[in-house]
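Participant: Mind folding the following:
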Amino acid sequence: MADRFSSKPPKKGKKRRTNLAKTALGAEPEKRGLKKSPTTDADQRAARELTAKVKTARGRKLSSTLWLKRQLNDPFVARAKAEGYRSRAAYKLIELDEKYGLLKPGARVVDLGAAPGGWSQVAGRKVLPGGLVIGIDYLDMPALDGVELLQKDFLDEDTPDVLKEKLGGQADIVMSDMAAPTTGHKNTDHMRIISLAESALDFAEDVLAPGGVYIAKVLQGGSEKSLLDRLKKNFSKVSHAKPKASRADSAEMYVVAQGFRGGSDD
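Facilitator: Numbering: from 1, shown residues only. This next block holds a predicted model:
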(Lines give C-alpha, C1' and ligand atoms only; values in the text may rest on other atoms or scores of the structure.)
Protein backbone atom coordinates (compact mmCIF):
# COMPACT_ATOMS: atom_id res chain seq x y z
CA MET A 1 0.00 0.00 0.00
CA ALA A 2 1.03 3.56 -0.24
CA ASP A 3 3.58 3.78 2.49
CA ARG A 4 5.35 6.05 0.04
CA PHE A 5 2.43 8.50 0.19
CA SER A 6 4.47 11.45 1.30
CA SER A 7 7.83 10.95 -0.37
CA LYS A 8 7.07 13.43 -3.19
CA PRO A 9 8.00 17.09 -2.67
CA PRO A 10 4.86 19.10 -1.86
CA LYS A 11 3.01 20.73 -4.72
CA LYS A 12 2.70 24.48 -4.91
CA GLY A 13 -0.61 25.92 -3.94
CA LYS A 14 -2.89 26.09 -0.97
CA LYS A 15 -3.28 23.03 1.24
CA ARG A 16 -6.10 22.21 3.59
CA ARG A 17 -3.68 21.72 6.47
CA THR A 18 0.04 21.81 7.03
CA ASN A 19 1.53 19.02 4.97
CA LEU A 20 3.62 17.48 7.70
CA ALA A 21 3.92 14.30 5.69
CA LYS A 22 5.98 16.08 3.08
CA THR A 23 8.41 17.93 5.31
CA ALA A 24 11.88 17.49 3.89
CA LEU A 25 13.93 14.95 5.71
CA GLY A 26 17.34 15.69 7.11
CA ALA A 27 20.57 15.19 5.27
CA GLU A 28 21.78 11.69 4.56
CA PRO A 29 23.71 10.19 7.46
CA GLU A 30 27.47 9.94 7.04
CA LYS A 31 28.60 6.73 5.42
CA ARG A 32 30.22 4.28 7.75
CA GLY A 33 33.32 2.36 6.81
CA LEU A 34 32.83 -1.31 5.93
CA LYS A 35 34.74 -4.11 7.57
CA LYS A 36 37.26 -5.71 5.29
CA SER A 37 35.95 -9.20 6.01
CA PRO A 38 34.05 -11.18 8.68
CA THR A 39 36.26 -12.33 11.51
CA THR A 40 34.30 -15.35 12.78
CA ASP A 41 32.78 -18.46 11.21
CA ALA A 42 29.30 -17.13 11.99
CA ASP A 43 30.10 -13.82 10.30
CA GLN A 44 31.45 -15.64 7.25
CA ARG A 45 28.31 -17.79 6.97
CA ALA A 46 26.08 -14.72 7.31
CA ALA A 47 28.04 -12.89 4.65
CA ARG A 48 27.82 -15.82 2.22
CA GLU A 49 24.07 -16.16 2.85
CA LEU A 50 23.44 -12.45 2.31
CA THR A 51 25.49 -12.46 -0.90
CA ALA A 52 23.56 -15.46 -2.20
CA LYS A 53 20.23 -13.87 -1.37
CA VAL A 54 20.75 -10.52 -3.04
CA LYS A 55 23.46 -11.49 -5.58
CA THR A 56 25.60 -8.44 -5.03
CA ALA A 57 25.66 -5.39 -2.83
CA ARG A 58 28.39 -3.56 -4.76
CA GLY A 59 27.51 0.11 -4.98
CA ARG A 60 24.42 -0.41 -2.82
CA LYS A 61 23.84 1.05 0.63
CA LEU A 62 23.65 -1.39 3.53
CA SER A 63 20.04 -0.36 4.19
CA SER A 64 19.10 -1.22 0.59
CA THR A 65 20.83 -4.59 0.82
CA LEU A 66 19.03 -5.46 4.04
CA TRP A 67 15.70 -4.32 2.55
CA LEU A 68 16.21 -6.63 -0.46
CA LYS A 69 17.06 -9.54 1.81
CA ARG A 70 13.94 -8.90 3.90
CA GLN A 71 11.78 -8.76 0.77
CA LEU A 72 13.18 -12.05 -0.51
CA ASN A 73 12.44 -13.74 2.82
CA ASP A 74 8.99 -12.19 3.37
CA PRO A 75 6.16 -14.76 2.97
CA PHE A 76 3.60 -12.00 2.34
CA VAL A 77 5.66 -10.68 -0.58
CA ALA A 78 5.73 -14.16 -2.12
CA ARG A 79 2.05 -14.69 -1.42
CA ALA A 80 1.08 -11.36 -2.98
CA LYS A 81 2.99 -12.25 -6.13
CA ALA A 82 1.38 -15.70 -6.30
CA GLU A 83 -2.15 -14.38 -5.72
CA GLY A 84 -1.87 -11.39 -8.03
CA TYR A 85 -1.91 -8.57 -5.47
CA ARG A 86 0.12 -5.46 -6.13
CA SER A 87 1.60 -5.32 -2.64
CA ARG A 88 1.94 -7.26 0.59
CA ALA A 89 -0.20 -4.53 2.21
CA ALA A 90 -3.25 -6.20 0.66
CA TYR A 91 -3.12 -8.79 3.44
CA LYS A 92 -3.42 -6.12 6.11
CA LEU A 93 -6.84 -5.14 4.78
CA ILE A 94 -7.80 -8.77 4.20
CA GLU A 95 -7.10 -9.54 7.87
CA LEU A 96 -8.95 -6.44 9.10
CA ASP A 97 -11.92 -7.38 6.93
CA GLU A 98 -11.94 -10.95 8.22
CA LYS A 99 -11.79 -9.71 11.81
CA TYR A 100 -14.38 -6.93 11.61
CA GLY A 101 -16.53 -7.76 8.57
CA LEU A 102 -15.95 -4.43 6.83
CA LEU A 103 -16.27 -5.00 3.08
CA LYS A 104 -19.78 -5.89 1.92
CA PRO A 105 -20.98 -6.62 -1.64
CA GLY A 106 -22.23 -3.41 -3.20
CA ALA A 107 -20.39 -1.12 -0.75
CA ARG A 108 -18.98 2.24 -1.83
CA VAL A 109 -15.32 2.57 -0.83
CA VAL A 110 -12.76 5.40 -0.94
CA ASP A 111 -9.10 4.38 -0.61
CA LEU A 112 -6.79 7.25 0.41
CA GLY A 113 -3.08 6.92 -0.31
CA ALA A 114 -3.88 3.95 -2.52
CA ALA A 115 -0.63 3.34 -4.45
CA PRO A 116 0.34 0.82 -5.62
CA GLY A 117 -3.26 -0.38 -5.34
CA GLY A 118 -3.27 -3.42 -3.05
CA TRP A 119 -6.10 -2.20 -0.81
CA SER A 120 -8.16 -1.10 -3.81
CA GLN A 121 -7.70 -4.58 -5.28
CA VAL A 122 -8.96 -6.22 -2.11
CA ALA A 123 -11.93 -3.86 -1.92
CA GLY A 124 -12.76 -4.41 -5.58
CA ARG A 125 -12.80 -8.18 -5.18
CA LYS A 126 -15.20 -7.85 -2.25
CA VAL A 127 -17.65 -5.12 -3.27
CA LEU A 128 -17.79 -5.38 -7.09
CA PRO A 129 -19.88 -5.67 -9.13
CA GLY A 130 -22.57 -3.42 -7.79
CA GLY A 131 -20.29 -1.42 -5.53
CA LEU A 132 -17.80 1.37 -6.13
CA VAL A 133 -14.09 1.70 -5.34
CA ILE A 134 -12.22 4.98 -5.76
CA GLY A 135 -8.48 5.01 -5.04
CA ILE A 136 -6.43 8.20 -4.88
CA ASP A 137 -2.69 8.85 -4.61
CA TYR A 138 -0.25 11.41 -5.96
CA LEU A 139 1.65 8.46 -7.48
CA ASP A 140 0.54 7.02 -10.80
CA MET A 141 -1.10 3.58 -10.62
CA PRO A 142 -1.78 1.11 -13.43
CA ALA A 143 -5.48 0.63 -14.12
CA LEU A 144 -7.54 -1.84 -12.09
CA ASP A 145 -10.65 -3.43 -13.56
CA GLY A 146 -13.77 -1.80 -12.14
CA VAL A 147 -11.80 0.57 -9.87
CA GLU A 148 -11.60 4.36 -10.34
CA LEU A 149 -8.00 5.42 -9.73
CA LEU A 150 -7.08 9.10 -9.43
CA GLN A 151 -3.57 10.55 -9.51
CA LYS A 152 -3.92 13.50 -7.16
CA ASP A 153 -2.59 14.67 -3.80
CA PHE A 154 -5.23 14.03 -1.15
CA LEU A 155 -4.06 17.11 0.76
CA ASP A 156 -4.80 19.49 -2.10
CA GLU A 157 -7.62 21.84 -1.17
CA ASP A 158 -9.90 20.79 -4.02
CA THR A 159 -9.48 17.02 -3.56
CA PRO A 160 -12.56 16.47 -1.33
CA ASP A 161 -14.78 18.06 -3.98
CA VAL A 162 -13.19 15.95 -6.71
CA LEU A 163 -13.81 12.78 -4.70
CA LYS A 164 -17.38 13.78 -3.88
CA GLU A 165 -18.08 14.30 -7.56
CA LYS A 166 -16.70 10.84 -8.35
CA LEU A 167 -18.73 9.31 -5.50
CA GLY A 168 -21.96 10.93 -6.58
CA GLY A 169 -23.34 10.31 -3.10
CA GLN A 170 -22.28 8.88 0.24
CA ALA A 171 -19.54 6.34 0.98
CA ASP A 172 -19.78 3.24 3.13
CA ILE A 173 -16.05 3.00 3.87
CA VAL A 174 -13.24 5.54 3.92
CA MET A 175 -9.90 3.84 4.43
CA SER A 176 -6.45 5.36 4.64
CA ASP A 177 -3.08 3.65 4.52
CA MET A 178 -1.36 7.02 4.13
CA ALA A 179 1.98 7.32 5.87
CA ALA A 180 4.75 9.87 6.29
CA PRO A 181 8.46 9.03 5.99
CA THR A 182 9.78 8.08 9.41
CA THR A 183 12.43 10.29 10.98
CA GLY A 184 13.43 8.11 13.91
CA HIS A 185 12.05 10.76 16.25
CA LYS A 186 9.05 9.16 17.91
CA ASN A 187 7.05 12.31 18.63
CA THR A 188 7.60 13.75 15.15
CA ASP A 189 6.60 10.51 13.45
CA HIS A 190 3.51 10.26 15.63
CA MET A 191 2.51 13.85 14.89
CA ARG A 192 2.87 13.34 11.14
CA ILE A 193 0.80 10.20 10.92
CA ILE A 194 -1.92 11.54 13.21
CA SER A 195 -2.15 14.62 10.98
CA LEU A 196 -2.82 12.34 8.01
CA ALA A 197 -5.37 10.32 9.97
CA GLU A 198 -7.18 13.51 10.97
CA SER A 199 -7.25 14.70 7.35
CA ALA A 200 -8.79 11.37 6.35
CA LEU A 201 -11.32 11.65 9.17
CA ASP A 202 -12.29 15.18 8.11
CA PHE A 203 -13.22 13.74 4.74
CA ALA A 204 -14.86 10.61 6.18
CA GLU A 205 -17.18 12.60 8.43
CA ASP A 206 -18.26 14.60 5.40
CA VAL A 207 -19.12 11.67 3.11
CA LEU A 208 -19.88 8.57 5.20
CA ALA A 209 -23.39 7.18 5.25
CA PRO A 210 -24.92 6.25 8.62
CA GLY A 211 -23.32 3.01 9.79
CA GLY A 212 -20.20 3.72 7.73
CA VAL A 213 -16.62 2.66 8.47
CA TYR A 214 -13.36 4.59 8.83
CA ILE A 215 -9.96 2.85 8.79
CA ALA A 216 -6.60 4.60 9.20
CA LYS A 217 -2.97 3.82 9.88
CA VAL A 218 -1.63 5.10 13.20
CA LEU A 219 1.44 4.20 15.24
CA GLN A 220 1.77 1.75 18.09
CA GLY A 221 0.40 3.25 21.25
CA GLY A 222 -2.86 3.96 19.45
CA SER A 223 -4.58 7.12 18.37
CA GLU A 224 -4.00 10.60 19.75
CA LYS A 225 -6.51 11.30 22.53
CA SER A 226 -8.22 14.07 20.56
CA LEU A 227 -8.60 11.78 17.54
CA LEU A 228 -9.81 8.89 19.68
CA ASP A 229 -12.35 11.08 21.49
CA ARG A 230 -13.66 12.28 18.17
CA LEU A 231 -13.99 8.73 16.86
CA LYS A 232 -15.80 7.55 19.98
CA LYS A 233 -18.22 10.44 19.67
CA ASN A 234 -19.10 9.81 16.04
CA PHE A 235 -18.83 6.01 15.76
CA SER A 236 -20.45 3.25 17.78
CA LYS A 237 -17.33 1.05 17.95
CA VAL A 238 -13.62 1.93 17.82
CA SER A 239 -10.87 -0.70 17.76
CA HIS A 240 -7.11 -0.92 17.23
CA ALA A 241 -5.39 -3.82 15.47
CA LYS A 242 -1.95 -4.81 14.20
CA PRO A 243 -2.39 -7.24 11.29
CA LYS A 244 0.06 -10.11 10.91
CA ALA A 245 1.14 -8.63 7.59
CA SER A 246 2.48 -5.57 9.44
CA ARG A 247 6.16 -6.21 9.95
CA ALA A 248 7.13 -7.20 13.47
CA ASP A 249 9.64 -4.35 13.70
CA SER A 250 7.12 -1.77 12.47
CA ALA A 251 5.28 0.52 14.88
CA GLU A 252 2.28 0.76 12.57
CA MET A 253 -1.18 -0.34 13.58
CA TYR A 254 -4.69 0.53 12.43
CA VAL A 255 -7.68 2.20 13.99
CA VAL A 256 -11.03 0.82 12.81
CA ALA A 257 -14.15 2.87 13.57
CA GLN A 258 -17.52 1.29 12.77
CA GLY A 259 -21.11 2.46 12.94
CA PHE A 260 -20.87 6.10 11.88
CA ARG A 261 -23.48 8.13 13.73
CA GLY A 262 -23.20 11.22 11.56
CA GLY A 263 -22.26 14.66 12.70
CA SER A 264 -18.88 16.10 13.52
CA ASP A 265 -16.96 17.58 16.41
CA ASP A 266 -17.06 21.05 14.84
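Participant: okay, now the closest residue to residue 210 other than its chain neighbours: neighbour count?
Facilitator: Nearest residue to residue 210 in three dimensions, chain neighbours excluded: residue 262, at 5.7 Å (CB to CB, 6 or more residues apart in numbering). (Glycine included, C-beta is placed from N, CA and C.) Per other CB atoms under 10 Å, the neighbour tally for residue 262 reads 11.
Participant: now residue 188
Facilitator: 14.
Participant: do residue 78 as well
Facilitator: Residue 78: 13 neighbours (other CB under 10 Å).
Participant: pretty sure it is in a helix, no?
Facilitator: Yes. Under DSSP: H, G, I helix; E, B strand; the rest coil, residue 78 falls within a helix.
Participant: Show me what secondary structure element comes after the longest helix along the chain.
Facilitator: Using DSSP state H to define each element, the chain has its longest helix at helix 186-207. Using DSSP states H and E, the helix or strand that follows helix 186-207 in sequence is strand 208-219.
Participant: Show me what residue 144 bridges to in the sheet.
Facilitator: In this entry, residue 144 is beta-bridged to residue 147, by DSSP bridges.
Participant: Pull up the per-residue confidence for it.
Facilitator: Looking at residue 144, its pLDDT reads 95.
Participant: What strand or helix carries the residue nearest to residue 210?
Facilitator: With DSSP H and E as criterion, residue 262 is part of no helix or strand.
Participant: Double-check it against residue 235; I have them as touching.
Facilitator: No. In this structure, residue 262 is not within contact of residue 235 by CB atoms under 8 Å, at 10.1 Å.
Participant: can you confirm residue 257 is in a helix?
Facilitator: No. Residue 257 is assigned strand when assessed by three-state DSSP, not a helix.
Participant: these two touch, right, it and residue 241?
Facilitator: No. The criterion here is CB under 8 Å, and residue 257 misses it with residue 241 at 11.8 Å.
Participant: Give me the more crowded residue out of the two.
Facilitator: residue 257 (26 against 15).
Participant: tell me the contacts of the closest residue to the more buried one other than its chain neighbours?
Facilitator: With sequence-adjacent residues excluded and distances taken as CB to CB, 6+ apart, residue 257 is closest to residue 235, at 3.9 Å. For residue 235, the contact set (CB atoms under 8 Å, 6 or more residues apart in numbering) comprises 214, 257-261.
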